[in-house]
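J.: I'd like to go over a predicted model; first the sequence, then the structure.
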Amino acid sequence: MLFEPLYDYYRKLGPRGRAVLFQLPLSTTILLVTVLTLVLNPQMDTSGAFLWSLGAHVLLLAACAVMPWGRLPGRAVLVIPVLDCIAVGVSREAADQYLSVLGFLLVFPVVWLASDRRRSSVLIAVLATILSTVLPPVLLGTGFEGPDFIRILLLPIILGAVALTAYAITSALYLQRRQLEARGAEVRELLAASEDRERLLSSVMDTVSVGVCALDAQGRPVLTNHHFSSHFEGTLTGRQLSDEPPGFVVYGPDRKHPLPPERRPGFRAARGESFTDELIWVDNGASQRAYSATCRLIRDSRGVHRGAVLAFTDVTALVEALSAKDQFVSSVSHELRTPLTSILGYMDLALDEDDLNPDLEMYLTVAKRNAERLLHLVGDLLTIASDAITINPRHADLGDVVSQSVQAAQPRAQAGGVTLELLIAGTATGHFDPDRLGQAIDNLISNATKYTPRGGKVTVKVHATGHELRCEVTDTGVGMTEQELNQAFTRFFRAANAHSSTIPGAGLGLAITKSIMENHRGHVVLASSPGHGTTAALTLPAADMEALTRAPV
């Protein structure tokens with residue numbers, strides 16, 4: 001854009017300034033050519049007609065400067081280049097032979113006319129050229145000679161070609177200028193819209209009470225909000241421990257062991273690792289805070305890793321509330337277990353009495369059954385609130401464990417009018433804790449029989465597949481919705497139909513089952529649909545699990 005400053009200057013000029021700008025090169029060139037010719041050839045004959053023609057050039061320059069072109073029609077100024085052609089022709093005709101080169105100056109008014117960007121301007125330029133060759137001999141009375149006719153024919157052709165070329169170049173430049181201006185306007189609009197979106201994004205990010213940081217492919221922060229900068233900058237975005245403030249430490253979920261740099265959210269995000277709701281503890285002592293860290297990767301259209309977005313949510317209050325709830329449940333459960341055990345003991349003594357009244361025996365039996373149920377519930381509460389659930393794996397047969405659970409559940413299933421069937425395909429031996437696994441299977445069979453109406457069926461299948469042991473409990477009960485399936489393993493959650501049908505339970509069985517399976521390095525999966533029953537599948541590795549002995553949850 002070499003000529004950008006000149007173009008801007010030209011646009012700032014008014015019609016009068018533009019007229020002077022077009023006329024000035026011609027007037028200046030005529031003056032210089034005349035002066036140089038007089039200096040080089042002082043004996044040059046300059047008649048009165050030549051001097052009058054120079055005066056005409058001066059008058060035309062003055063007219064450009066004083067005429068109110070802004071009040072006249074837009075093309076009125078084109079009279080000046082037409083008169084310039086005639087004045088140049090007169091100067092050339094009246095001057096000495098040394099000034100015959102003045103004919104070349106016709107290029108200036110011809111280009112001026114052609115730059116008007118109208119096709120008729122090219123025709124006017126040709127006519128003005130013809131007038132520059134025809135009128136001077138008539139006005140000066142010099143007559144026409146043979147070379148004059150050749151000039152009358154050839155000069156308009158040559159200068160017409162010049163005018164046509166100037167017109168084409170001017171039109172192309174004007175079109176290009178318009179296109180550039182249009183694109184410039186679009187770029188300015190896009191830039192303004194981008195700035196508006198950036199301000200909106202910054203406002204939104206600074207409004208939310210979540211620390212947000214965008215990283216590039218090398219793990220360097222490229223965008224952060226105020227909450228992140230005030231809490232996490234320099235600690236979780238990939239810097240080394242030596243760069244952190246003194247005493248600032250990042251712990252894992254146990255709040256005891258500092259996380260190594262490679263396990264911190266910023267390092268993991270820089271490696272292209274995606275994660276959700278990872279619990280970390282930041283800082284020491286009373287100022288220690290819990291944060292839930294989530295990372296989502298940024299990929300381009302080809303799937304190449306281009307960065308990541310980290311979000312940190314302060315969940316200290318939530319974690320402390322859950323901890324307080326677990327402590328409360330554990331304390332209450334411990335307080336309830338002792339009196340319940342005592343009640344059951346005295347009931348057993350009472351039921352052992354001879355010649356007991358039948359009605360009283362029935363009352364005591366009902367009371368004992370409910371006390372046992374309450375004690376079982378207390379045991380579940382202690383199990384789910386404890387952070388030290390242990391397993392003792394040993395060589396066992398999953399078929400035997402499931403058979404015992406099915407046998408224990410048969411009386412209750414028969415009382416509810418539910419058929420309970422066991423299918424064992426071959427041996428299913430492995431290394432696991434049969435007591436804990438039996439507890440998990442008891443929970444699944446209990447749920448299946450409770451949620452299956454009278455006349456329904458519960459099928460329990462056991463088989464070994466490759467290096468895994470599998471137990472499936474399928475019922476023809478009420479089933480669950482997709483939303484209920486997503487919350488089925490949440491503590492104290494119960495499906496809506498359980499509340500409406502007054503089915504007993506505390507919503508802890510599946511949570512305990514999941515915890516037991518995770519300690520066995522296995523998993524439990526539910527599949528269900530409303531009105532079509534539920535299938536719960538337990539899968540655990542059959543390989544030796546001695547390493548899991550006394551493993552905490």
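T.: Sure thing, it's come through.

J.: which helix or strand lies directly C-terminal to the helix or strand bottoming out on mean pLDDT in the chain?
T.: Ranked by mean pLDDT, DSSP states H and E, the weakest helix or strand in the chain is helix 496-500, scoring a mean of 52. Per DSSP states H and E, the first helix or strand lying C-terminal to helix 496-500 is helix 509-519.

J.: quick one: buried residues of that next one?
T.: Across helix 509-519, burial judged by 16 or more other CB atoms under 10 Å covers G509, L510, A511, I512, T513, K514, S515, I516, M517, N519. Where C-beta positions appear, they are placed from N, C-alpha and C, glycine not excepted.

J.: helix, strand, or coil at R470?
T.: What DSSP: H, G, I helix; E, B strand; the rest coil gives for R470 is strand.

J.: typo on my end, G417
T.: Classified using three-state DSSP, G417 is coil.

J.: same check, this time on the one 5 residues further on
T.: For L422, the secondary-structure state derived from three-state DSSP is strand.

J.: from memory it sits against V406, does it?
T.: Yes: L422 lies in contact with V406 (CB atoms under 8 Å); the separation is 4.7 Å.

J.: and for the two, which residues touch both?
T.: V460 (CB atoms under 8 Å, 6 or more residues apart in numbering).

J.: out of those two, which sits in the busier spot?
T.: The neighbour comparison of L422 against V406 (other CB atoms under 10 Å) goes to V406, with 21 against 17.

J.: so that one sits right up against V460, yeah?
T.: Yes: with contact defined as CB under 8 Å, V406 reaches V460; the gap is 5.7 Å.

J.: now do the shared contacts for these two.
T.: Between them, V406 and V460 share these contacting residues under CB under 8 Å, 6+ apart: L420, L422, I445.

J.: Throw these into CSV and include distance to A536 and pLDDT, thanks.
T.: Shown next, in CSV, are the shared contacts of V406 and V460 (distance: CB to CB, whole Å; pLDDT from 0 to 100):
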residue, distance to A536, pLDDT
L420, 14, 91
L422, 15, 91
I445, 9, 91
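
J.: what would these look like in TSV with distance to V33?
T.: As requested, the shared contacts of V406 and V460 are exported to TSV (distance: CB to CB, whole Å):
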residue	distance to V33
L420	120
L422	120
I445	116
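
J.: centre of the chain versus the one helix or strand V406 maps to, how much separation?
T.: Per DSSP H and E: V406 is located in helix 398-415. With CA atoms, centre = their mean, to the nearest Å as the basis, helix 398-415 stands 53 Å off its chain's centre.

J.: and that helix, what's buried?
T.: For helix 398-415, by 16+ other CB under 10 Å, it's L398, G399, D400, V401, V402, S405, V406, A409, A413.

J.: which one of these is nearest K12?
T.: Nearest to K12, judged by CB to CB, of the buried residues of helix 398-415 is L398 at 91.9 Å.

J.: need the pLDDT of the closest one.
T.: We have a pLDDT of 89 for L398.

J.: how about R394?
T.: So R394 comes in at 88 (pLDDT).

J.: which residues does the residue nearest to Q404 when sequence neighbours are not counted contact?
T.: For Q404, ignoring the flanking residues on the chain, the nearest one in space by CB to CB, 6 or more residues apart in numbering is G438 at 6.4 Å. The contact partners of G438, taken as CB under 8 Å, 6+ apart, are V401, Q404, S405.

J.: equivalent analysis for A537, please.
T.: R470, C471, E472, V473, V524, V525, L526, A527.

J.: filter these down to the buried ones.
T.: Here, 16+ other CB under 10 Å leaves R470, C471, E472, V473, V524, L526 buried among those.

J.: any idea which of these is closest to T452?
T.: For the buried ones among the contacts of A537, the residue nearest T452 by CB to CB is V473; the value is 10.8 Å.

J.: so P156 touches I130, yeah?
T.: Yes: using CB under 8 Å, P156 makes contact with I130 at a distance of 5.1 Å.

J.: so which of the two has more stuff around it?
T.: Of the pair P156 and I130, P156 is the one with more neighbours under other CB under 10 Å, namely 22 against 18.
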